[in-house]
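**Q** Got a sequence here, can you model it:
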Amino acid sequence: MNTNSYAQRDGQSGRSFYGLGIAPKILDTLERIKFKVPTPIQEKAIPLAIQGKDIIGIAQTGTGKTHSFAIPMVQLLEQKKGIGLVLAPTRELAIQIDEAFKEIARAFGMLTACLIGGVPMEGQVEVLRRKPRIVIATPGRLIDHMGQWNFLPEEVVMLVLDEADRMLDMGFALQIDKILRFLPQARQTMLFSATMPKEIMGIVAKHMKLPVSVEIALSGTTAEHVTQELFIVKKEAKLKLLSKLLAHYKGAILLFSRTKHNAQKIMRSIKDMGYSAAEMHSNRSLSQRREALDGFKSGRYKVLVATDIAARGIDVTGIELVINYDLPSDAENYVHRIGRTARAGQRGHAVSFATPEQSRDVRDIEKIIRSTLPVSQHPEVPPEEFIESKNDSLPAKPTWHKNRQKDKFSGKK
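**A** Residues are numbered from 1 along each chain as shown. Got it, this is the predicted structure:
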């Protein structure tokens with residue numbers, strides 16, 4: 001499955017990678033892997049990065065951010081000594097970034113190293129002894145190697161913080177600060193993210209030099225070609241509604257659960273319905289998670305049930321539907337979840353289940369995405385299974401989709 005088809009839209013107003021300052025050898029590589037048209041973030045960020053500027057890149061997920069820093073990093077490292085370091089929040093994302101780098105670094109004979117948890121240190125130490133020019137790592141595992149003197153931070157001349165907001169969400173703030181304190185000040189720093197919370201501004205102010213902001217979409221913007229739908233449903237009716245949706249959609253489906261325990265229960269229920277499914281969360285080993293993701297990519301599994309660990313680490317084109325079986329605990333994660341579909345210029349759909357008590361959660365999401373979620377009712381699931389009046393403010397049989405001026409939970413204008 002080609003995850004880079006977003007770069008193959010030849011007819012887009014004459015845009016190309018030529019004229020961005022990219023070295024001929026890299027242009028030849030891009031041609032070989034069928035990259036023809038740069039995405040907006042690539043078109044704006046690559047020339048600035050090649051000039052050596054610090055960059056804050058804000059773009060919605062699935063827009064080609066990885067090659068926005070991979071191309072200039074390889075090109076600049078070819079011209080000077082030192083190491084390029086990329087920090088990523090999850091193992092899956094680190095592996096994905098490493099694969100993207102290898103395609104370009106191979107032309108220059110550059111070695112990459114991917115340092116992630118869940119695998120033995122010994123193999124990573126062996127790779128580090130071979131002097132890789134590019135190191136992609138999760139924060140915790142990099143600190144482990146720094147503590148054993150396997151990785152020397154003073155050799156870093158370029159740093160990328162990818163999915164910086166996600167790293168902060170996952171509690172990596174102290175680890176990132178520790179790593180940054182050991183890196184040379186005379187370095188180029190690039191920070192890429194889909195959202196821009198205030199915590200990131202602290203990193204920018206403290207660790208970046210006159211950064212140039214490249215913002216392709218406003219923070220919180222959803223993927224361009226994704227349509228969205230909300231079902232307000234009682235908790236006990238979720239599985240019935242899910243079975244109807246699985247019967248309707250024939251393509252690959254990514255389903256999000258808030259907890260690991262619930263993810264396992266949902267996967268078993270999906271299998272009982274007769275569909276192939278796999279689970280992906282932090283209780284699964286790295287090899288189990290990779291098997292689940294590879295099986296999902298190949299079509300062996302119709303449904304991948306995941307927690308938010310997969311909200312940004314999955315780069316799969318052709319996901320037809322994202323289901324938020326549980327709303328995310330953090331409203332900003334909604335953007336990243338639904339960004340797993342409608343990637344690479346394709347179209348996709350996102351469905352969310354909300355219980356009647358989750359009106360505040362829905363409104364938080366709507367505030368982030370700056371739009372109202374359209375509410376639907378499945379024709380095969382009777383209205384009384386969607387909601388049951390618990391107080392005077394909740395009508396027993398609301399007409400959810402008839403009047404968007406009304407509050408979808410209370411029926412009040």
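
**Q** residues of the longest helix seen in the chain that come out buried?
**A** Determined from DSSP state H, the single longest helix within the chain is helix 91-105. Residues of helix 91-105 classed as buried: 91-98, 100-101, 103-105 (neighbour count, 16 or more other C-beta atoms under 10 Å). The C-beta positions use only the backbone N, C-alpha and C, and glycine is treated the same way.

**Q** Next: stretch 103-122.
**A** Glu103, Ile104, Ala105, Met110, Thr112, Ala113, Cys114, Leu115, Ile116.

**Q** ok, back up a step: the longest helix of the chain packs against which elements?
**A** helix 24-32, helix 65-77, strand 83-87, strand 112-115, strand 134-137, helix 286-298 (3 or more C-beta pairs under 8 Å, 6 or more residues apart in numbering; DSSP states H and E).

**Q** who's in contact with that helix?
**A** Residues from elsewhere that reach helix 91-105, judged by C-beta atoms under 8 Å, 6 or more residues apart in numbering: 26, 29, 33, 66-67, 70-71, 73-74, 86, 88, 111-112, 114-118, 133-134, 136-138, 162-163, 286, 289-290, 293, 309-310, 312-315.

**Q** Stretch 260-277 too?
**A** For stretch 260-277, using C-beta under 8 Å, 6+ apart, the contacting residues are 239, 242-243, 246, 255, 257, 278-283, 300-307, 325-326.

**Q** picking that back up, what's the closest of the buried residues of stretch 103-122 to Gln148?
**A** Nearest to Gln148 among the buried residues of stretch 103-122, counting by C-beta to C-beta, is Leu115 at 11.7 Å.

**Q** my read: that closest one touches Arg141, true?
**A** Yes: the pair Leu115 / Arg141 is scored as a contact, 4.8 Å apart, by C-beta atoms under 8 Å.

**Q** list the residues that contact both of those two?
**A** Gln124.

**Q** follow-up on the earlier one: of the contacts of stretch 260-277, which belong to strands?
**A** Those of those mapping onto strands are Leu255, Ala278, Glu279, Met280, Val303, Leu304, Val305, Ala306, per DSSP state E.

**Q** Check which helices and strands the host helix or strand of Gln228 is in contact with.
**A** Assigned by DSSP states H and E, Gln228 belongs to strand 226-232. With contacts taken as 3+ C-beta pairs under 8 Å, 6+ apart, strand 226-232 sits against strand 348-354.

**Q** what lines up beside the strand it packs on in the sheet?
**A** Looking at strand 348-354 with DSSP bridges, its partner strands are strand 226-232 (parallel), strand 319-324 (parallel).

**Q** which residues sit against it?
**A** 223, 225-233, 238, 241, 245, 249, 319-327, 334, 337-338, 341-342, 361-362, 365, 373.

**Q** Show me how far the helix or strand that it is followed by is from its chain's centre.
**A** Per DSSP H and E, the first helix or strand lying C-terminal to strand 348-354 is helix 359-369. Relative to the centre of its chain, helix 359-369 is centred 20 Å away, using C-alpha atoms, centre = their mean, to the nearest Å.

**Q** which of the residues in helix 359-369 are buried?
**A** Ser359, Asp361, Val362, Arg363, Asp364, Ile365, Glu366, Ile368, Ile369.
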